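In: Requesting a structural model of the entry that follows:
(one chain, ligands or ions: 2)
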Amino acid sequence: MAIETTLSILKPDAVRKNVIGQIVSRFEAAGLQVVAAQLRHLSRREAEAFYAVHSERGFFKDLVEFMISGPVFVQALRGEGAIALNRDLMGATDPKKAAPGTIRADFADSIDANAVHGSDSVETARAEVAFFFPTLAIHAR
Ligand code: ADP
Ligand code: MG
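Out: Ligands and ions are numbered 1, 2, ... in the order given. So this is what the prediction gives:
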């Protein structure tokens, strides 16, 4: 497997619950390293641009509203197979279907307020990391 860099966002519900540290600890314990991070409140334009792939979906408006409802903690995570590993640690999109012990099973309340975002492929990881961390060394993406 290759060393990859993926984008992780701790969504407003997770930041409101004061569990940034608990969630980051799970990434670290699994061998992922935080190589860039920022805590900030996204603008509507940023949230719409970040989730543009979902713009035709019925849940898009609610998703954008939720993502701008408070600050988010955005990180680039690096490690062996980081993209799939992060997705495994997150669990299924709907926390009711997320496997026990996953981040969404333990910290998420609903499919809207589901605690975390994670890139889902090599291509989206590259684009999403660049969206938030344009100066992060390209060789390691
Ligand atoms: P994931 O975040 O697991 O990659 P998707 O990329 O399919 O999931 O969707 C992006 C986000 O949009 C989800 O994390 C969730 O917050 C929201 N979402 C997805 N599907 C639904 C749905 N059916 N109803 C409400 N919100 C949804
Ligand atoms: Mg997705």
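In: count of residues packed around Leu7?
Out: Around Leu7 there are 26 other residues, counting by other CB atoms under 10 Å. Heads up, the C-betas are built off the backbone N, CA and C, glycines and all.
In: you'd agree it is in a helix?
Out: No. Remark: Leu7 does not belong to a helix; assigned using DSSP: H, G, I helix; E, B strand; the rest coil, it is strand.
In: which residue packs closest to it, ignoring adjacent ones?
Out: Closest residue to Leu7 apart from its sequence neighbours, by CB to CB, 6 or more residues apart in numbering: Glu128 at 3.8 Å.
In: For Ala94, the count of nearby residues, please.
Out: Not Ala; residue 94 is Asp. Asp94 has 13 neighbouring residues, counting by other CB under 10 Å.
In: Please determine how far it is located from Arg78.
Out: Separation of Asp94 from Arg78 (CB to CB, to the nearest Å): 28 Å.
In: Would you tell me what helix or strand the residue nearest to Leu7 is located in?
Out: helix 122-132 (DSSP states H and E).
In: does ligand 1 sit close to that helix?
Out: No. Helix 122-132 lies out of reach of ligand 1 by CB under 6 Å from any ligand atom, never closer than 9.1 Å.
In: Which elements pack onto that helix?
Out: When contacts are defined as 3 or more CB pairs under 8 Å, 6 or more residues apart in numbering; DSSP states H and E, helix 122-132 packs onto strand 3-10, strand 33-40, helix 44-50, strand 72-80, helix 82-90.
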